[in-house]
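> heads up, no residue letters with this:
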């Protein structure tokens, strides 16, 4: 397959840096799948299903009842409660800190492993691949217990000041997320045309320059997808976190879990709604900043 | 201090050492289990003068003689919650849930081995704490036969199912039903005539607690009359605290769903830690029930 | 692909960090649990590694566990298939969207998954329950149809009273729930591979007169295979071990092997048996993965 692609412009859409003027695609009708009616309907229906529960959640966060069952009038009080709930804030900060750290380190580690598996033949490679798949294969609860046993047996210090007290959780999160990143990035790299890399080296670029200017731009969508996956996994993990966390390192899911047990769901709904709104705003802002860059590139 | 996990999760975590908890809230049979596992710190009663506030029956406990390791926090029962407009009469027997198809597909049982099997045993006239494999087998067969009529084994959310109309009868902790009763007058609560589980949540200090002084102070604070009354009225569970009863409202104290009458309590039974072999017996029966 | 000897420095730079991290912070903890699967309980808290196989024998020798494992496999397989069917068009649309829209659409797909799983599942319940929004919507349509029929003179309530659909607490709900939980694990790898599809292949295929369907099956599908395979792995395997979804959405027989394992570590307090069950699941998955790489190994000569 690579030979075929090689004769063609290998500049696929992700590789903006090398795509240059040749990478411009003819936007002709047949490929504009986004405009096909039936596809649009399908996507719209899927989004409806994805978001229906979220809208329910948002609506019920204004419900004047301790439960999410019947509408009993409009209120803001659960937002007030959530706002004044220091524990919730603390848990939220912890979760975000862990998720961001995890995403950065896991993406780097995962990308390195993906490159390794993509680029090299080496003895015992199938076994190594199996080794990398371990965290995906293991049931969460088993891994949670394993982490619990591990950190208590090696005597990992507890009661350290913030954010060092999050170290055990972050380490565990990185360990189980980076293989996910590796799989996604590797699937992306499977279509890379090695001749491009060789061409770059023939032209006198060093290994590092080739890496930064040829390989990384091609990897980017894989990196983004992998990073999003790592972030999602880390932010939402309950089981492994629960077993690695102490009383001072409560994360958002752990907090939510205990609040739901006490059935204070509207407050949790309110917090989740706020979280959605913040995420959406952050995305919009991030994209605003990216726009000028984009127009230049295309 | 504000982290809550269920008994099993807590037990699993403490098995590998205390990661920094000062106070934990296990249920009575877990107090016993944790004592067997040597996980609890003995209490220094001199630091908890408010223990004198406790009702007489709660001053001592069979599962923790002399209250050396635990103080009672709240107590209650497991009962039947039902929607009055959908059910004729009062479902005051476990028969309705365990051996009757009148409300097929509109019933839920709890979601753990101990309680579901335990109350089947109770219905069959045996002890909730039976360790006899033959008796547990009978309960298992009863539940498997009834399974087609049960909608779901609800893990702690039977009250939501009841309130949302998903089921008409459910087995639940009394306080959970009471919470939905506040908003929906069509819901009722009864402890069946065969009796149910009588439970008691306790406050304990785990071994290796980093701040035992504060922990004792907290226990003492919870046992304060006014505090106890406030907590009890908020979460709708019965307080074991005589001083708290003085501060509590009449409404709370006269609510028979919170404080069942003495003859009902007499029929109920407390769970006992049955030992590891019985735990396995129950778990295997429960697996077979769910797979059947 | 080159052999590692060609550029040892780069090879070791790439290999060391990930391998070490996984070895220390994952394999070492897991080794403790693996050891436990050959252990016996000696008291309520203590276990002793005696090299016994009794835990494995108990798991494989009791039909009920095999039955539950089998059930978990087909539920996970169905959920994975559903995920693939739904995720493919989504990934396709996102990958083929104008550059400006790509990040927005990608975010729109991922956003729901940043809401806590428990909260999301409860929200799902409120949409699908007997008195949930789907049934309210259907009832409204039903009543509308009834009154139209009455209006055109067919008499009142021809269709009868509305019977709410029972969508929760059965296997369907578990599968739907799993799809709702693991969707991004399918969308993201698919997106990453479809995005790199060389569109000139598609253009060529279409120009040469192939239909869209033919183009899809003969060009798009084979070229996105790596993404599909990694998506299937990322969805199927976590599904196998899931326990929260069957717990909350399943009916009385929804137990999956994940629930049994979870109970061994918690209520049943039987870590050795839980460890043995977990590792059985792992051995099976590794067997399947090994088979796949054997199968893929034969084909890879063509692909790379």
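It's in. Keep in mind the model is a prediction, meaning the values are calculated, not measured.

> only C-alpha atoms for contact and neighbour calcs from this point on.
Will do.

> mind naming the longest helix for chain B?
The longest helix of chain B (DSSP state H) is helix B:276-291.

> neighbouring contacts of that one?
B:112-114, B:117, B:131, B:133, B:136-137, B:140, B:143-144, C:44, C:64, C:67-68, C:252-255, C:260, C:268-270 (Cα atoms under 8 Å, 6 or more residues apart in numbering or on different chains).

> please redo it, this time with the cut-off set to 7 Å
Contact with helix B:276-291 is made by B:113-114, B:131, B:140, B:144, C:44, C:64, C:68, C:252-253, C:255, C:268, as judged by Cα atoms under 7 Å, 6 or more residues apart in numbering or on different chains.

> can you give me the neighbour number for the nearest residue to residue B:83 once chain neighbours are set aside?
Of all residues not flanking residue B:83 in the chain, residue B:187 sits nearest, at 4.6 Å (Cα to Cα, 6 or more residues apart in numbering or on different chains). Counted with other Cα atoms under 10 Å in any protein chain shown, the neighbours of residue B:187 add up to 22.

> repeat that for the one 3 residues further on.
For residue B:190, the count of nearby residues is 22 (other Cα under 10 Å).

> what's it sitting at in phi/psi?
Phi and psi for residue B:190, reported as degrees, to the nearest 10, are phi -150, psi 140.

> for the chain, which segments count as strands?
By default, I'm working from chain A. A:120-121 (DSSP state E).

> please refer instead to chain B.
Here chain B has its strands, by DSSP E, at B:70-83, B:107-110, B:150-154, B:169-173, B:187-190, B:197-204, B:269-270.

> deepest-packed of these, please.
Comparing the strands of chain B by mean neighbour count (mean count of other Cα atoms under 10 Å in any protein chain shown), strand B:169-173 ranks first with a mean of 28.

> list the neighbouring strands of it plus their orientation.
Looking at strand B:169-173 with DSSP bridges, its partner strands are strand B:70-83 (antiparallel), strand B:107-110 (parallel).

> which residues touch the last one?
Judged by Cα under 7 Å, 6+ apart, the contacts made with strand B:107-110 from elsewhere in the structure are B:97, B:116, B:150-156, B:158, B:167-172.

> then the longest one?
Counting by Cα under 7 Å, 6+ apart, the neighbours of strand B:70-83 from elsewhere in the structure are B:58, B:168-174, B:177, B:186-192, B:196-204, B:237-240.

> returning to what we had before: between the contacts of helix B:276-291, which is closest to chain A?
When the contacts of helix B:276-291 are ranked by distance to chain A (Cα to the nearest Cα), residue C:268 comes first, at 13.8 Å.

> run the contact check for stretch C:104-121 versus chain A.
Yes - Stretch C:104-121 is in contact with chain A by Cα under 7 Å from any Cα of the partner chain, via C:112-117, C:120.

> hang on, the earlier thing: just the contacts of helix B:276-291: which are in helices?
B:113-114, B:140, B:144, C:64, C:68.

> of those, closest to residue A:124?
residue C:68 (34.1 Å; Cα to Cα).

> residue contacts, that closest one?
Here residue C:68 is in contact with B:291, C:256-257 (criterion: Cα under 7 Å, 6+ apart).

> ok now the helix or strand hosting residue C:291, how far from the chain's centre?
Taking DSSP states H and E as the criterion, residue C:291 maps to helix C:271-303. Relative to the centre of its chain, helix C:271-303 is centred 16 Å away, using Cα atoms, centre = their mean, to the nearest Å.

> on that earlier part again, so which of the contacts of residue C:68 is the most crowded?
Highest neighbour count within the contacts of residue C:68, by other Cα under 10 Å: residue C:256, with 30 neighbours.

> contacting residues around the spatially closest residue to that one that is not a sequence neighbour?
In space, and not counting its chain neighbours, residue C:256 is closest to residue C:72: 5.2 Å by Cα to Cα, 6+ apart. By Cα under 7 Å, 6+ apart, the residues touching residue C:72 are C:240, C:256-257.

> okay if I get these as JSON lines plus distance to residue C:230 and pLDDT?
Listed next are the contacts of residue C:72 as JSON lines, based on distance: Cα to Cα, whole Å; pLDDT from 0 to 100:
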{"residue": "C:240", "distance to residue C:230": "16", "pLDDT": "87"}
{"residue": "C:256", "distance to residue C:230": "23", "pLDDT": "91"}
{"residue": "C:257", "distance to residue C:230": "23", "pLDDT": "90"}
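
> which one of these sits closest to residue B:44?
Using Cα to Cα, residue C:257 comes nearest to residue B:44 of the contacts of residue C:72, at 44.3 Å.

> among the strands paired with strand B:169-173, which comes closest to residue A:206?
Among the strands paired with strand B:169-173, strand B:107-110 sits nearest to residue A:206 (Cα to Cα), with 65.6 Å.

> quick one: mean pLDDT over that closest one.
Across strand B:107-110, pLDDT averages out at 94.

> circling back to that earlier point, so which bits of the helix holding residue C:291 are buried?
Neighbour counts over helix C:271-303 (16 or more other Cα atoms under 10 Å in any protein chain shown) mark C:271-282, C:285-286, C:289-290 as buried.

> also near chain A: which of these, exactly?
Restricting these to those within reach of chain A (Cα under 7 Å from any Cα) leaves C:275, C:278, C:282, C:285.

> wait, which of those residues is closest to residue C:125?
Distances from residue C:125 to those, taken by Cα to Cα, are shortest for residue C:278, at 29.0 Å.
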